[in-house]
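S.K.: model this:
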Amino acid sequence: MGISNAFTQPSFFANYYNQADEAIRFAQLLGSEENIHNYTEYSFYSMLSTIPLEIRLGKFCHPALAKLRSYDHEKGTEFYNTLKALTETGFNMKKTADILYLHRNTLNYRKQRIEEICGSNFDDSKLLFELMYSFKIDNFLEKQV
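M.R.: Predicted coordinates for the structure are as follows:
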């Protein structure tokens with residue numbers, strides 16, 4: 001079931017119906033296992049889908065993602081997924097360690113290595129925002145193929 005944003009004008013029904021429909025479509029595309037989908041959860045993907053195909057969305061992603069994918073591929077590490085989990089928890093080390101089933105010392109080591117590989121300091125709140133939207137764009141692009 002898709003849920004649109006709230007509205008009061010019946011004349012806008014078609015627009016909000018489309019929001020609910022998009023919520024369902026993006027939930028399916030992104031592999032959600034939930035039964036109820038709010039448009040607010042998928043509005044970022046709706047925005048991305050309006051960008052013409054000739055504009056390469058990947059160029060808007062933080063370069064750390066590409067570096068870590070490449071490094072993981074070469075070395076057999078899990079730094080990309082570690083950074084993704086760190087980002088999803090707002091760099092909360094305890095929550096991230098629990099999600100990844102890692103000892104906190106192992107997570108601290110991984111975080112330090114990721115910072116070295118990417119040349120970034122994850123104490124910057126602007127970086128957290130950049131990584132959050134970058135992972136969303138990356139996930140969207142991965143599902144489009």
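S.K.: ok, N18 to A27 distance?
M.R.: Per C-beta to C-beta, to the nearest Å, N18 is found 15 Å from A27. No exception for glycine: its C-beta is placed from N, CA and C like everyone else's.
S.K.: the two: which has the busier surroundings?
M.R.: Using other C-beta atoms under 10 Å as the criterion, N18 and A27 rank with A27 on top: 21 against 15.
S.K.: ok, that one - contacts?
M.R.: 2, 34, 37, 41-42 (C-beta atoms under 8 Å, 6 or more residues apart in numbering).
S.K.: ok, these vs Q144, which is closest?
M.R.: Nearest to Q144 among the contacts of A27: Y42, at 14.3 Å, using C-beta to C-beta.
S.K.: just checking, the closest one touches F26?
M.R.: Yes - with contact defined as C-beta atoms under 8 Å, Y42 counts as touching F26 (4.0 Å).
S.K.: elements contacting the longest helix along the chain?
M.R.: Longest helix of the chain, by residue count under DSSP state H: helix 125-144. Helix 125-144 sits against helix 39-49, helix 63-75, helix 79-88, with contacts defined as 3 or more C-beta pairs under 8 Å, 6 or more residues apart in numbering; DSSP states H and E.
S.K.: for the second one, buried residues please.
M.R.: Which is helix 63-75. 64-65, 67-68, 71-72 (16 or more other C-beta atoms under 10 Å).
S.K.: again with stretch 118-138
M.R.: In stretch 118-138, counting by 16+ other C-beta under 10 Å, buried: 118, 120, 122, 127, 130-132, 134-138.
S.K.: which residues touch the closest residue to Y17 other than its chain neighbours?
M.R.: Leaving aside its chain neighbours, Y17 sits nearest to S4 (6.9 Å; criterion: C-beta to C-beta, 6 or more residues apart in numbering). Neighbouring residues of S4 by C-beta under 8 Å, 6+ apart: 16-20, 23, 39.
S.K.: can you redo the helices and strands packed on helix 125-144 as a markdown table with mean pLDDT?
M.R.: Formatted as a markdown table, the helices and strands packed on helix 125-144 follow (pLDDT from 0 to 100):
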| stretch | mean pLDDT |
| --- | --- |
| helix 39-49 | 93 |
| helix 63-75 | 96 |
| helix 79-88 | 97 |
